[in-house]
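*Asks:* Build the 3D model from these lines:
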Amino acid sequence: DLRAMMRAVVTSGTGRAAAASDREIAGKTGTAQIGEGDEAKTVAWFVGFADDLAVAVVVDGGASGGETAAPLVAEFFANLDDPVFQAVGEVPCVPAGADWPTFQGDAAHTGCSLAEAIEDPELLWTAEVGIQAWLNSPVVAGDTVVVGSAGTRRAGSDSTDGVYALRLTDGSQRWFFATSNDVNGVSVTGDVVVAVGDEGSVWWIDLESGTELGAVDIGSPVFGYPAITEDLVVVGDSAGVLSALDSTGSLVWSAQLDGAIRGGPASDGTLIYAVSDLGDVHAYDINGFRIWSQRIEPANADGNVLPIVYGAPTIAGDLLIVTYTVDGGPSGPAVIAYDRFVGQQAWAGSDPGQVGGEQWANVRSSVAVAGGRLVIAGSLTSGPQALWSSSGEAAWVGTSDVICERHWASPVVMGGLVVVPRPDGAVYGFTAEGDLAWRFAFPAHTGTARLTTCSDIGGSIFGAVADLQATPAIAPNGTLIVAGADQYIYAIVEGGK
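*Replies:* Sure thing, here's the model as predicted:
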């Protein structure tokens, strides 16, 4: 039959170079000529299948299907089980040695770095900078750590509200930019810090000196992190308005979403994505033209339950990833993926193999990209969880001896290690397969430590701890910057260095 004939092409015909030892690949090679004379060129191709997967490879200018296209098919199937190849589209991580200029490292919010993983954590320095809650994640530009602070009283005005710049080497203060209310997200572009906060302002601050370069009043508090493209600063506010500003602070365009924008927008430099807390998902081009919109419909909850979205969306290859919470908690992974170009739902998180059992809970943070997996950190769990980005199905569930009622910090990935700060005052490192590699606890500072809702496996509730809520940053030299709601920020390095 046709299957047998196509199988013979690979076992004994022109497609022998497509053979892979662990799969029965069948297919057909082909070579075509396009053009005439000096303009003529060949196009080589191979079309085939193995198991339930079909593949087509076309090589423009290839010598022949058997010589040029077939080896690529063998390479594809040989690497198919590698997590890196299971991602949907290419997902670039922050290169080793590069800055971490915004929340989760880039405007796409991938949360992954190619920096070498920390295997034996050691505390380098501690600095007091005011409350660092889930809206106050640090960023790093060169040898400077920048963070927005909620001061000593969150959601209220005090003299320590503002933006802090610290030296990466020792945590000493480089400058402090004072504001009249909490500063939330900060991003760095070139030698300029862009900050937003509860005042409803966007500030442009000189990175070197801390001098104000300009400011504009948005009119409503801005909770999330600014997304910066080549020409625009894009912010979302509590009134659900997405504003695109130029370098002078002038409004270029705006759009209205249903509900507050809590996590801030994401961008690949060409398209801009925003999600409201009521699950209104929008995609715009750089000129403000709406490409598509969707409304989140939780797959893991009662159909009458409305979702609440806290985290920023994440661009993962061809997908836009959104996490959510629902009253009563979800019955599976609280994650939805959309085709980010057309808006069609690609998948909803699922656990057909019961990998997580009863571990699934609300997700208030954003995902991090780990090869072909997406890592989430939910509440009422003892560790992070991972889904396959190609299907949304559960890949693994990480476990520890600590369960926390609420979790806010987004995970980050460095050199394959999944790093998760947790409300018990410790930062955790998990392997790419979800095994606990280490737990590093910070001291509880008298007067600023916070009571937590974490408990150990035996049910004993923790006392006052550092309460880590902010998402960490990875510095160009591999230093891990972790911030807590206990008003302190910490730098972790590889032990012995």
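*Asks:* Help me confirm that Phe430 comes into contact with Leu417.
*Replies:* Yes. Between Phe430 and Leu417 there is a contact under C-beta atoms under 8 Å: 7.1 Å. Yep, even glycine has a C-beta here, placed from its N, CA and C like the rest.
*Asks:* joint contacts of the two?
*Replies:* Common neighbours of Phe430 and Leu417, using C-beta atoms under 8 Å, 6 or more residues apart in numbering, are Ala437.
*Asks:* Compare neighbour counts for the two and give me the winner.
*Replies:* Higher neighbour count among Phe430 and Leu417: Phe430, with 26 against 21, using other C-beta atoms under 10 Å.
*Asks:* and that one, what pLDDT?
*Replies:* Phe430 is assigned 95 on the pLDDT scale.
*Asks:* cool, and Pro92?
*Replies:* 80.
*Asks:* Restrict stretch 184-203 to CA atoms and write it as CSV.
*Replies:* In CSV, the C-alpha atoms belonging to stretch 184-203 read as follows (Å, rounded to 0.1, in the frame of the first residue of the first chain):
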residue,chain,number,x,y,z
ASN,A,184,5.6,50.2,41.1
GLY,A,185,7.2,49.0,37.8
VAL,A,186,10.5,50.2,36.4
SER,A,187,12.2,49.5,33.1
VAL,A,188,15.5,50.7,31.6
THR,A,189,16.1,51.7,28.0
GLY,A,190,19.6,52.9,27.2
ASP,A,191,20.7,55.3,29.9
VAL,A,192,17.1,56.2,30.9
VAL,A,193,14.9,54.7,33.7
VAL,A,194,11.1,54.7,33.0
ALA,A,195,9.1,54.4,36.2
VAL,A,196,5.3,54.3,36.9
GLY,A,197,3.3,54.3,40.1
ASP,A,198,0.3,55.1,42.2
GLU,A,199,0.5,58.8,41.5
GLY,A,200,-0.6,58.1,37.9
SER,A,201,2.6,59.4,36.6
VAL,A,202,5.3,58.1,34.2
TRP,A,203,8.8,59.4,34.9
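*Asks:* pLDDT weak spots in the protein?
*Replies:* Counting by pLDDT under 70, the chain has low-confidence residues at 21, 79-91, 299-305, 446, 449, 457-462, 497.
*Asks:* And the helices in it?
*Replies:* 2-12, 70-78 (DSSP state H).
*Asks:* deepest of those, which one?
*Replies:* Highest mean neighbour count of the helices of the chain: helix 70-78, a mean of 20 (counted as mean count of other C-beta atoms under 10 Å).
*Asks:* Who are the packing partners of that one?
*Replies:* Packing partners of helix 70-78 (3 or more C-beta pairs under 8 Å, 6 or more residues apart in numbering; DSSP states H and E): strand 26-34, strand 41-50, strand 53-60.
*Asks:* CA atoms only for that helix, dumped as PDB, please.
*Replies:* Output in PDB follows, covering the C-alpha atoms of helix 70-78 (Å, rounded to 0.1, in the frame of the first residue of the first chain):
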ATOM      1  CA  ALA A  70      16.100  14.200   4.000                       C
ATOM      2  CA  PRO A  71      19.000  14.700   6.600                       C
ATOM      3  CA  LEU A  72      17.100  17.600   8.100                       C
ATOM      4  CA  VAL A  73      14.100  15.300   8.600                       C
ATOM      5  CA  ALA A  74      16.300  12.800  10.500                       C
ATOM      6  CA  GLU A  75      17.700  15.600  12.600                       C
ATOM      7  CA  PHE A  76      14.200  16.900  13.400                       C
ATOM      8  CA  PHE A  77      13.000  13.500  14.600                       C
ATOM      9  CA  ALA A  78      16.200  12.800  16.500                       C
END
